[in-house]
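Q: Return a 3D structure for these sequence lines:
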Amino acid sequence: MKKREVNYDLLRILAAFMVVFLHVAASKWEFLKPNDNRWIIMNIYDCFVRSAVPLFFMISGAFMLKKETNFKKLYTKILSLTIIYFVWSCLYAIDTIGIYNLKNITIIDFLKTVLLSKYHLWFIPPLIGLYILQPVLYAIVHFEDGKYIKYLLTIFFFSGILIPTVLQFVNNNIISSLLTKIPVELMGYSNYMILGYYLYNKKEFKFKPRLFVVGFVLTVLISIVICQFDALRTGVPSSILYGYFMLPVFIEAILLFIMFKKLIISSKVSKKLGKVTQYLSTLTLGIYLFHPFILEHLDTVLKFNTLSFNPIFSVPIITMIVIVCCLLVSAIMIKIPIIRKLWIL
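A: Residues are numbered from 1 along each chain as shown. This next block holds a predicted model:
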């Protein structure tokens, strides 16, 4: 394994951990009052891991956009993702309805439940769309050696990140109208992929680890404080800066991506770590797909959730239980040939 491949496997594993941590911290979140210490703790935890989804898109972009398109392989991946999406949507629909209740509902009602899908599965359709766009995105980033990448990312920063963030704090219709008067359509998660490709290939960084860590922590602290004040102002839990296109989340994703890119791993450690990280990286899809099932059944069956005891401890403890369960299930599932073929994209 090359040094950078180990680095990005580690980042992918961290992002998977962050997704689970996020969903654990968010469970029961909406039932608490903003002045409740339990909500304050959950808000703090939540703000630390909001960049997980952008990181996944950035990692995908770093590797998807570096090679020219092979349409057969590309659409094999698209088909695999589509199958995974519908199979898991059906499984979660059965879980939602209940096996014993299936006989009491019509096919139409079942299909409606499938199409509504589980909340976390939203990630797959946009990813499929980005795979479909891969040849176009490849052409953009490689045109004249990436001549327009910085231009596109600059537009993305102002139109896709800065303006949406500002609009969260603007109540004036005239100002809102002015800021959104000229829509820039090529926005969204495709730009996180291009950003990942750009950062992956950029060789020169003025990298000072301590400054990056301090910058990350300060950015998170700003999010925590603003969300807390907004929650106290409105009297309800606030997610004002939780969005994946909010400035703090954008900054956090960039800082984490660069920190892992610059992570120094000796060749000796890299050889030992490489196989482990590569294997765990293949299990991250299983963690993503399966974790809501474990989390919800811990609550419904065992009555064990984030409010069972102090969230300072309950959130990380439940996160680790969910991840360990998901790793065990994933390790078993990828031994089945047909699942492994779909799984290892």
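Q: Rounded mean pLDDT for stretch 311-322, please.
A: Taken as a whole, stretch 311-322 has an average pLDDT of 97.
Q: again, but for stretch 88-101
A: 91.
Q: Dump it to PDB, restricted to CA.
A: What follows is stretch 88-101, C-alpha atoms only, in PDB (Å, rounded to 0.1, in the frame of the first residue of the first chain):
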ATOM      1  CA  TRP A  88     -31.600  -2.200   1.500                       C
ATOM      2  CA  SER A  89     -34.700   0.000   1.000                       C
ATOM      3  CA  CYS A  90     -36.800  -3.200   0.900                       C
ATOM      4  CA  LEU A  91     -35.100  -4.600   3.900                       C
ATOM      5  CA  TYR A  92     -35.700  -1.500   5.900                       C
ATOM      6  CA  ALA A  93     -39.300  -1.300   4.600                       C
ATOM      7  CA  ILE A  94     -39.900  -4.800   6.000                       C
ATOM      8  CA  ASP A  95     -38.300  -3.800   9.300                       C
ATOM      9  CA  THR A  96     -40.400  -0.700   9.500                       C
ATOM     10  CA  ILE A  97     -43.700  -2.500   8.700                       C
ATOM     11  CA  GLY A  98     -42.800  -5.700  10.600                       C
ATOM     12  CA  ILE A  99     -42.700  -9.200   9.100                       C
ATOM     13  CA  TYR A 100     -46.000 -10.200  10.700                       C
ATOM     14  CA  ASN A 101     -47.800  -7.100   9.300                       C
END
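Q: residues of it that come out buried?
A: Within stretch 88-101, the residues scored as buried using 16 or more other CB atoms under 10 Å are 88-89, 92-93, 97. Backbone N, C-alpha and C define where each C-beta goes, glycine included.
Q: With stretch 327-334 instead?
A: In stretch 327-334, counting by 16+ other CB under 10 Å, buried: 327, 329-330, 333-334.
Q: now swap in stretch 53-70 and tell me
A: 53-62, 64-65.
Q: quick one: which of those is nearest Asn37?
A: Val53 (27.6 Å; CB to CB).
Q: and the gap between the closest one and Tyr244?
A: 5 Å (CB to CB, to the nearest Å).
Q: Repeat that for Ile40.
A: In terms of CB to CB, Ile40 sits 23 Å off from Tyr244.
Q: Same check on Asp145?
A: Relative to Tyr244, and taking CB to CB, Asp145 is found at 29 Å.
Q: Neighbour count for those two, which is higher?
A: Ranked by neighbour count (other CB atoms under 10 Å), Asp145 and Tyr244 place Tyr244 first, with 18 against 7.
Q: what helix or strand does the more buried one sit in?
A: For Tyr244, there is no enclosing helix or strand under DSSP states H and E.
Q: where does this protein dip in pLDDT?
A: By pLDDT under 70, the low-scoring segments of the chain are 1-4, 185-187, 266-269, 344-345.
Q: change it to 80
A: Along the chain, the model assigns pLDDT under 80 to residues 1-5, 172, 180-187, 204-207, 264-272, 274, 340-345.
Q: can you map out the helices along the stretch 101-250 of the chain?
A: 107-116, 124-142, 149-155, 163-167, 173-179, 189-201, 209-234, 247-261 (DSSP state H, counting those that start in this stretch).
Q: So for Leu307, which of these sits nearest?
A: Closest approach to Leu307 among the helices of the stretch 101-250 of the chain (CB to CB): helix 209-234, 17.6 Å.
Q: Give me the buried positions along that closest one.
A: Under 16+ other CB under 10 Å, the buried positions of helix 209-234 are 212, 215-216, 219-220, 223-224, 226-228, 230-231.
Q: What distance do you get for Pro135 to Gly146?
A: Taking CB to CB, one finds Pro135 at 16 Å from Gly146.
Q: contacting residues for Leu232?
A: Leu232 makes contacts with 34-35, as judged by CB atoms under 8 Å, 6 or more residues apart in numbering.
Q: now do His297
A: By CB under 8 Å, 6+ apart, His297 lies in contact with nothing.
Q: ok, Ile128 touching Leu81?
A: Yes - taking contacts as CB atoms under 8 Å, Ile128 lies within contact range of Leu81: 5.1 Å.
Q: that older thread, can you put the helices of the stretch 101-250 of the chain in TSV and add distance to Thr319?
A: Shown next, in TSV, are those (distance: least, CB to CB, whole Å):
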stretch	distance to Thr319
helix 107-116	26
helix 124-142	22
helix 149-155	33
helix 163-167	28
helix 173-179	38
helix 189-201	24
helix 209-234	17
helix 247-261	18
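Q: Of all the ones you listed, which one is nearest Leu342?
A: With respect to Leu342, and counting by CB to CB, the nearest of the helices of the stretch 101-250 of the chain is helix 124-142 at 12.3 Å.
Q: Helices - which of the buried residues of stretch 88-101 land there?
A: The helices, defined by DSSP state H, take in 88-89, 92-93, 97 from the buried residues of stretch 88-101.
Q: need those in a markdown table with distance to Leu283, can you?
A: Putting those into a markdown table (distance: CB to CB, whole Å) gives the following:
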| residue | distance to Leu283 |
| --- | --- |
| Trp88 | 16 |
| Ser89 | 21 |
| Tyr92 | 19 |
| Ala93 | 24 |
| Ile97 | 28 |
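Q: Nearest to Leu199 among those?
A: Checking those one by one against Leu199 (CB to CB), the nearest turns out to be Trp88, at 30.5 Å.
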